[in-house]
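>>> task: produce atomic coordinates for the following.
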Amino acid sequence: MTGEARPPERAIARLRPHARALVFPSFALVAASGAGSYGAFAFDELWQRLASLLGAVVAIGVFWMLPLLSWLSTQYLITTRRLVLRRGLLVRTRKEVLLSRGHDVTVRRSGLQSLFGSGDVLVNTGLDRPILMRDVPRADLVADAVSDLMEASTTSIATVRRPLDDAAPESRRSRSDR
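Numbers count the residues shown, from 1 in each chain. Model prediction:
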């Protein structure tokens, strides 16, 4: 390393996908609860009542609980030095990218995302595919913050190479002749 004291890494933003993803699961919760309670009082036989309640519980688990847990298990963390993406319910995936490796930031929006001010933020690192933060609220603000942090971020390799880039061409030739 260069021997310089670097400021500590700070968390700039902790984000999740837009909460709009929970609208239809919430409607499913209300519908399944209503159907289950109606079935519990409308049927005469005990097995029919229990079947309607069991069907409501399964529907709530599949159509409300799984999307909620999926939404809760996705998190994006932006720090002063890196971008961390965490996803997964049973199998957790964590992807970290140094901001100094980023080249450009792109915001991609669909019609519904434009209506709510969210969007997909793509950070191009020069690797196979860009880093994608899906359906981030206030996508323009997030993209501006990431690009500002990428511009301000330097690594020890960039700090060591910078004096060589600033040096005159004669001094470069003399170093390579040695």
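
>>> contacts and neighbour counts: CA atoms only from here.
Noted.

>>> just checking, next helix/strand downstream of the helix or strand that contains L68?
Element membership for L68, per DSSP states H and E: helix 66-72. As assigned by DSSP H and E, the chain's next helix or strand after helix 66-72 is strand 75-79.

>>> which residues are in contact with that following strand?
9-17, 83-87, 133, 146 (C-alpha atoms under 8 Å, 6 or more residues apart in numbering).

>>> mind giving me the packing neighbours of whatever helix or strand comes next after that strand?
Where DSSP H and E defines the elements, the next helix or strand beyond strand 75-79 is strand 82-87. Judged by 3 or more C-alpha pairs under 8 Å, 6 or more residues apart in numbering; DSSP states H and E, the packing partners of strand 82-87 are strand 75-79, strand 93-98.

>>> pick the most deeply packed of the ones you listed.
strand 75-79 (a mean of 19; mean count of other C-alpha atoms under 10 Å).

>>> now V84. Nearest residue, chain neighbours left out?
In space, and not counting its chain neighbours, V84 is closest to E96: 4.5 Å by C-alpha to C-alpha, 6 or more residues apart in numbering.

>>> these two touch, right, the one you found and R87?
No - using C-alpha atoms under 8 Å, E96 is not in contact with R87, being 11.9 Å away.

>>> and the gap between the residue of the chain positioned farthest from its centre and A139?
Relative to the C-alpha centroid of the chain, counting by C-alpha atoms, centre = their mean, D44 is the outermost residue, at 49.4 Å. Remark: distance between D44 and A139 (C-alpha to C-alpha, to the nearest Å) = 53 Å.

>>> with F41 instead?
F41 is 47 Å from A139, by C-alpha to C-alpha.

>>> what do you get for L99?
As judged by C-alpha to C-alpha, L99 and A139 stand 17 Å apart.

>>> kindly report the same for I60.
On the measure of C-alpha to C-alpha, I60 and A139 end up 31 Å apart.

>>> could you do A51 as well?
45 Å.

>>> what's the answer for R6, then?
Applying C-alpha to C-alpha to R6 and A139 gives a distance of 29 Å.
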